Structures are given as structure tokens and as C-alpha cells.
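**Q** Curious how this folds, go ahead:
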Amino acid sequence: MTQENFENMLEAFLAAQPFRIFTVGLNGGRRFEVDNPNPRAVVYRGGVAVFVAPGGIPMYFDRESVNLVADVPANRLD
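**A** Numbers count the residues shown, from 1 in each chain. I've put the predicted structure just below:
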């Protein structure tokens, strides 16, 4: 995915009204939910992003590691 597509995708999901939880799937099978559209919870630039999950846990991802973005909670993807 290009840097532009990666950032446009994140912008679209984060700006959705009403906001809906979305799942990011990474190469290797790891997944996590983005449950907060707050600009302090998700930061991205240059094709790299970090989501600060509940409890202050940083989830790092980039344009090359993402293989899935779905507008559903992770448990509904199984």
C-alpha cells in the first residue's frame, strides 16, 4: 500500500461519523481494534502509525505491515 493510500485510509476511518471501531490486521496474523478516534490516540506520518491502546499500550504499524482494515470489531472477523 502506498503512503498516500495508507494515510487516506486512516483519515477516512478516523473521521467516520458516527465513529465505528475498526480492526487493523498485520502480516503474521496479529490484529488489534482501534476504538478511539481521538487525535491523541492515533498518530501517523510518513507511512508509519501508532495507536495508543487502552492502558497506554502502543500498537505500531506501517503501510507495509497492514494486510487488512475492516470496519468491524476483531471478534467479528473470526
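**Q** So, low pLDDT: which residues of this protein?
**A** 78 (pLDDT under 70).
**Q** One more pass at 80, please.
**A** In the predicted model, the chain carries pLDDT under 80 at residues 73-78.
**Q** what about the spatially most central residue of it, distance to N38?
**A** Centroid-nearest residue in the chain, with Cα atoms, centre = their mean: V24, separated by 4.8 Å. V24 sits 16 Å away from N38, going by Cβ to Cβ, to the nearest Å. Where C-beta positions appear, they are placed from N, C-alpha and C, glycine not excepted.
**Q** wait, the residue nearest to the centre of the chain sits on V72?
**A** No. Counting by Cβ atoms under 8 Å, V24 stays clear of V72, with 11.6 Å between them.
**Q** Which residues does the helix or strand that contains G25 contact?
**A** Following DSSP states H and E, one finds G25 within strand 22-26. Contact with strand 22-26 is made by 13, 31-34, 51, 59, 61, 65-74, 77, as judged by Cβ atoms under 8 Å, 6 or more residues apart in numbering.
**Q** Convert the C-alpha atoms of that strand to CSV, please.
**A** What follows is strand 22-26 as a C-alpha-only set of coordinates in CSV (Å, rounded to 0.1, in the frame of the first residue of the first chain):
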residue,chain,number,x,y,z
PHE,A,22,-12.3,-0.8,13.2
THR,A,23,-9.7,-3.6,13.1
VAL,A,24,-6.2,-3.5,11.7
GLY,A,25,-4.7,-6.8,10.7
LEU,A,26,-1.0,-7.2,10.3
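**Q** So what are the sheet partners of it and their directions?
**A** Paired strands of strand 22-26, with direction, are strand 31-34 (antiparallel), strand 66-70 (antiparallel) (DSSP bridges).
**Q** Give me the contact list for the helix or strand following the first one.
**A** Going back to what we said before, that points to strand 31-34. Proceeding N to C from strand 31-34, the next assigned helix or strand is strand 42-45, under DSSP H and E. The contact list for strand 42-45 (Cβ under 8 Å, 6+ apart) reads F6, E7, L10, L14, V34, N36, A49, V50, F51, V52.
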